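J.: With the sequence up front, the predicted model follows.
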Amino acid sequence: MEITAAATPASESRAAHLLVFVPSGDDVMTDGPARAIDALLDGGLGALVAEGELTGKRGQVCVVHTLGRAPMTRVLVAGLGDADGIDPERVRSATATAARRARALADGALDIAIAGAPLDGIDEAEVAQAVAEGLTLGLYRFDRHLHPEEAPKSISGATVLGADAAAVAEGVRRGVILGEATNLARDLANEPSNVLTPTEMAARAQTVARDTGLEFQVLEEAEAAEMGMGSFLGVAKGSHQPAKLIILRHRGGGDEPGLGLIGKGITFDTGGISLKPSASMISMKQDMSGGAAVIAAIAALARLGAPINATAIVPATENMPGGSAIKPSDVLTAMNGKTIEVLNTDAEGRLVLADALCYANHLGLAPLIDVATLTGACAVALGTTTTGLMTNDDALGAEVIAAGEAAGERIWALPMFEEYGDLLKSRVADVKNVGGRYAGAITAAKFLEIFAGDTPWVHLDMAGTDDSDKDRGTTVRGATGVPVRTLVRWALGRAREQEATQP
Ligand code: BES
Ligand code: ZN
Ligand code: ZN
């Protein structure tokens with residue numbers, strides 16, 4: 001679906017669906033596109049407000065047919081809630097909900113009116129970006145393996161109607177890139193593990209690189225072995241699928257090696273010899289969501305021409321209980337020489353990330369962000385809407401949390417007090433891979449911290465947020481594509497900072 005920009009007044013829209021926004025409170029019919037449509041409908045919208053049917057509260061979408069009184073077929077009036085708190089996230093979410101509703105009603109084009117109230121307090125390009133993200137994210141479907149009897153309804157195209165068409169077009173361009181990157185991460189994570197093997201994940205990353213101008217490289221198992229990646233390769237031993245260390249590089253500028261984005265790429269996590277119960281295994285095709293997110297984020301940086309260097313690293317393998325699999329109590333040696341006592345083969349994410357972090361340090365990348373569906377404990381602590389953040393650099397952590405807020409992706413920090421590290425002491429190796437019953441998300445991060453070394457580093461645990469069981473705003477059922485938009489916004493912020501400090 002193509003999204004375009006125009007400066008046409010809302011009242012002249014000829015689309016099947018016209019979307020307008022209203023606030024809640026005493027002034028629902030505030031001056032703006034809704035008021036203009038109300039005039040065409042002889043006060044029809046105002047009457048709905050008077051009857052209490054249209055309130056403008058967040059999440060509400062009222063559908064009004066124009067029945068020949070106006071050029072568009074129907075108007076969707078979406079609520080943004082309290083006028084004082086209207087922000088891009090509310091626009092994104094309302095757009096996504098309304099677009100799904102429009103699509104369920106009928107095929108056809110969708111116009112979105114953003115000029116004037118209640119959005120005139122926000123920069124128009126920002127609003128247009130939020131609308132484009134909302135459309136791209138909210139209308140996402142993963143249907144490549146479906147053969148429905150009837151073709152599903154679809155929105156044929158969307159036009160964002162604003163005051164300044166050039167500003168709107170620029171916002172739309174950015175929003176589409178961010179939305180499509182998130183959908184790329186969703187596509188990879190939704191793919192079943194028999195399709196998306198480590199080899200296929202590498203092939204998809206290569207295609208992304210070709211399409212966006214990224215550099216692509218894969219370390220095969222033999223090369224990883226030469227580099228001493230015994231921890232990553234230990235996890236791969238139980239699988240017949242060859243492991244791949246996928247590397248994507250964006251060279252946007254500057255002399256530094258650049259940012260390192262590291263994503264867990266377990267294409268299926270059975271738990272290994274510490275086998276998961278069947279019910280817990282079902283969602284484990286998505287245990288490569290972190291890897292998908294960093295591939296998608298760096299692709300967006302390339303498409304946006306971000307003036308910064310960045311490298312994405314994805315250690316990709318299955319975690320299987322094969323005859324050659326590692327067993328509880330085995331000892332592995334990571335690339336930095338540290339020995340690891342593996343007491344639970346289901347704590348495999350940290351094992352593959354350990355070598356990926358060492359490799360990022362070997363490349364001189366800084367700062368580092370790793371993204372992983374790492375612990376069920378993080379989902380227990382923070383639920384399904386908030387990603388956990390753990391860091392060795394609180395200022396860097398604050399940057400990532402702020403980027404998440406701007407992106408509409410919630411992130412919350414957990415403490416990294418040194419006492420937690422004591423829980424990983426092993427009697428037979430430098431460290432053990434599990435810390436016991438308590439503080440599971442934090443002990444996992446304490447393990448990773450050893451391999452990040454002195455490099456400023458942030459760990460994002462997305463075990464609770466990688467998947468959704470329902471459609472809600474920009475989130476649709478299945479893989480969420482979190483935290484792609486946070487990573488991109490954070491990296492763009494770094495790029496701006498770098499430009500400001502360089503002569
Ligand atoms: N991939 C899982 C974590 C996970 C759980 C992600 C639920 C999404 C939903 C990870 O590899 C794992 O199994 N972690 C163990 C660690 C434990 C053995 C210390 C866990 O969380 O139970
Ligand atoms: Zn596991
Ligand atoms: Zn896992």
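T.: Received, thanks. Ligands and ions are numbered 1, 2, ... in the order given.
J.: contacts and neighbour counts: CA atoms only from here.
T.: Will do.
J.: what's the burial count for Ala279?
T.: 7 (other CA atoms under 10 Å).
J.: Repeat that for Gly322.
T.: Gly322 sits with 14 neighbouring residues when counted by other CA under 10 Å.
J.: How about the one 4 residues further on?
T.: The number of residues packed around Ile326, counting by other CA under 10 Å, is 25.
J.: Looks to me like it is in a helix.
T.: No: counting by DSSP: H, G, I helix; E, B strand; the rest coil, Ile326 is not part of a helix but coil.
J.: Can you name the residues of the chain that neighbour ligand 1?
T.: Listed as neighbours of ligand 1 in the chain under the rule CA under 6 Å from any ligand atom: 271, 287, 344, 346-349, 373-377, 434, 463.
J.: Restricted to buried residues, select those in ChimeraX.
T.: The ChimeraX selection below is limited to those of the residues of the chain next to ligand 1 classed as buried (16 or more other CA atoms under 10 Å):
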select :271,287,344,346,347,348,349,373,374,375,377,434,463
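J.: mind giving me JSON lines with the residues of the chain next to ligand 1 and columns for secondary structure and pLDDT?
T.: Listed next are those as JSON lines, based on DSSP: H, G, I helix; E, B strand; the rest coil; pLDDT from 0 to 100:
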{"residue": "Gly271", "secondary structure": "coil", "pLDDT": "99"}
{"residue": "Asp287", "secondary structure": "coil", "pLDDT": "99"}
{"residue": "Asn344", "secondary structure": "coil", "pLDDT": "99"}
{"residue": "Asp346", "secondary structure": "coil", "pLDDT": "99"}
{"residue": "Ala347", "secondary structure": "coil", "pLDDT": "99"}
{"residue": "Glu348", "secondary structure": "coil", "pLDDT": "99"}
{"residue": "Gly349", "secondary structure": "helix", "pLDDT": "99"}
{"residue": "Thr373", "secondary structure": "coil", "pLDDT": "99"}
{"residue": "Leu374", "secondary structure": "coil", "pLDDT": "99"}
{"residue": "Thr375", "secondary structure": "coil", "pLDDT": "98"}
{"residue": "Gly376", "secondary structure": "helix", "pLDDT": "98"}
{"residue": "Ala377", "secondary structure": "helix", "pLDDT": "98"}
{"residue": "Val434", "secondary structure": "coil", "pLDDT": "98"}
{"residue": "Ala463", "secondary structure": "coil", "pLDDT": "98"}
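J.: give me phi/psi at the residue in the stretch 251-400 of the chain that ligand 2 sits nearest to?
T.: Residue of the stretch 251-400 of the chain nearest ligand 2, by CA to the ion: Asp346 (3.5 Å). Asp346 adopts backbone torsions of phi -80, psi -10, taken as degrees, to the nearest 10.
J.: Same question for Trp457.
T.: Torsion angles, degrees, to the nearest 10, at Trp457: phi -150, psi 140.
J.: that's a helix at Ala158, yeah?
T.: No: membership of Ala158 in a helix is not supported by three-state DSSP, which gives strand.
J.: Wait, it touches Arg14, no?
T.: No: the criterion here is CA atoms under 8 Å, and Ala158 misses it with Arg14 at 11.8 Å.
J.: Show me which of the two is the more surrounded one.
T.: Neighbours per residue (other CA under 10 Å) separate Ala158 from Arg14, with Ala158 holding more: 22 against 16.
J.: which residues touch the more buried one?
T.: Contact analysis of Ala158 by CA atoms under 8 Å, 6 or more residues apart in numbering lists Met1, Glu2, Ile3, Thr4, Ala109, Leu110, Asp111, Ile112.
J.: how near is it to Ile295?
T.: 27 Å (CA to CA, to the nearest Å).
J.: Then Leu259?
T.: The separation that Leu259 has from Ile295, given CA to CA, amounts to 13 Å.
J.: Check the burial of Gly68 by counting its neighbours.
T.: By other CA under 10 Å, the residues close to Gly68 number 10.
J.: for Glu53, same thing?
T.: If you count neighbours by other CA under 10 Å, Glu53 ends up with 12.
J.: Ramachandran angles for it?
T.: Dihedral angles for Glu53 - degrees, to the nearest 10 - are phi -80, psi -40.
J.: And Lys338, by the same measure?
T.: Dihedral angles (degrees, to the nearest 10) for Lys338: phi -70, psi 140.
J.: Please list all residues in contact with the residue in the stretch 151-300 of the chain positioned nearest to ligand 1.
T.: Closest residue of the stretch 151-300 of the chain to ligand 1, CA to the nearest ligand atom: Asp287 (5.4 Å). Asp287 makes contact with Ala189, Lys264, Gly265, Ile266, Thr267, Phe268, Asp269, Ala372, Thr373, according to CA under 8 Å, 6+ apart.
J.: Skip the chain neighbours and tell me the closest residue to it.
T.: Leaving aside its sequence neighbours, Asp287 sits nearest to Ile266 (CA to CA, 6 or more residues apart in numbering; 5.1 Å).
J.: SS state for the one you found?
T.: strand.
J.: Mind pulling up the pLDDT for it?
T.: Ile266 carries a pLDDT score of 99 in this model.
J.: Provide the partner residues of it in its beta bridges.
T.: For Ile266, the beta-bridge partners are Thr317 (DSSP bridges).
J.: do His459 as well
T.: Assigned bridge partners for His459, using DSSP bridges, are Asp370, Met390.
J.: among the helices and strands of this structure, which has the poorest mean pLDDT?
T.: Here the helix or strand of the chain ranked lowest by mean pLDDT, DSSP states H and E is helix 484-501, holding a mean of 95.
J.: For that helix, buried residues please.
T.: Going by neighbour count (16+ other CA under 10 Å), the buried part of helix 484-501 is Val484, Arg485, Thr486, Leu487, Val488, Arg489, Trp490, Ala491, Leu492, Gly493, Arg494, Ala495.
J.: Right, I'll call it a day here.
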